[in-house]
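Asks: With the input below, show me the fold.
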Amino acid sequence: MEDENFITKENDPRNYVGYDLFGYPFNSKYPPNKEKYGESFEGYSCKALGVLLYDYCIAGYDVELTYKGKTFYLLNAGEGIVSDSHFTERKEVYDSPMALIENFKIDGKTLLELAPEIEDIEPV
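Replies: Predicted coordinates for the structure are as follows:
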C-alpha cells in the first residue's frame, strides 16, 4: 500500500516547488543556477542558500544555523517554525518554510538577505 502522505509531482501542494524533466523537485520561486554556481551548493551561490532553499524548503529537513555566534533552529513541519534546540518549542510560526526564510528577521534582515553572512548551517 502506498503512503498517502508521500508527496509526488502530481499531489505536491507547495506552490514554490517545480519538477524537472526527470521528476526531481527544485525551488521554482528561487531556482538554482547550476551552470553558474555548479553542484556544490545545490546550484546556489553559497552553502546557506543551498540549505535554506533546497534542503529546508524542498527536501523538508530541519535546519540548525549560527549567525553572529547565536544558534537558531528551524523546524519544517509543513509550516516553517523557529524552534528551540530540541525542536519542541514554537517560537515563531509561518505558513510555510518558504514564508519563514522570506520573513523571519535577524538584525532587521531576512534569512535570504543574511545567507552569505551565516557562519554555519546544517540540515538536521
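
Asks: in the protein, which spans are helices?
Replies: For the chain, the helices defined by DSSP state H cover 34-37, 47-50, 97-103, 111-114.

Asks: For those, give me TSV that also has mean pLDDT.
Replies: Below are the helices of the chain laid out as TSV (pLDDT from 0 to 100):
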stretch	mean pLDDT
helix 34-37	94
helix 47-50	98
helix 97-103	98
helix 111-114	97
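
Asks: Tell me which residues of stretch 37-56 come out buried.
Replies: Across stretch 37-56, burial judged by 16 or more other C-beta atoms under 10 Å covers 37, 41-44, 46-56. For glycine as for every other residue, the C-beta is placed from the backbone atoms N, C-alpha and C.

Asks: what bits of the chain have low per-residue confidence?
Replies: Within the chain, the set of residues satisfying pLDDT under 70 comprises 1-5.

Asks: residue ranges of the strands in it, please?
Replies: Secondary structure of the chain by DSSP state E: the strands cover 17-19, 25-27, 63-67, 70-76, 80-83, 92-94, 105-106, 109-110, 120-123.
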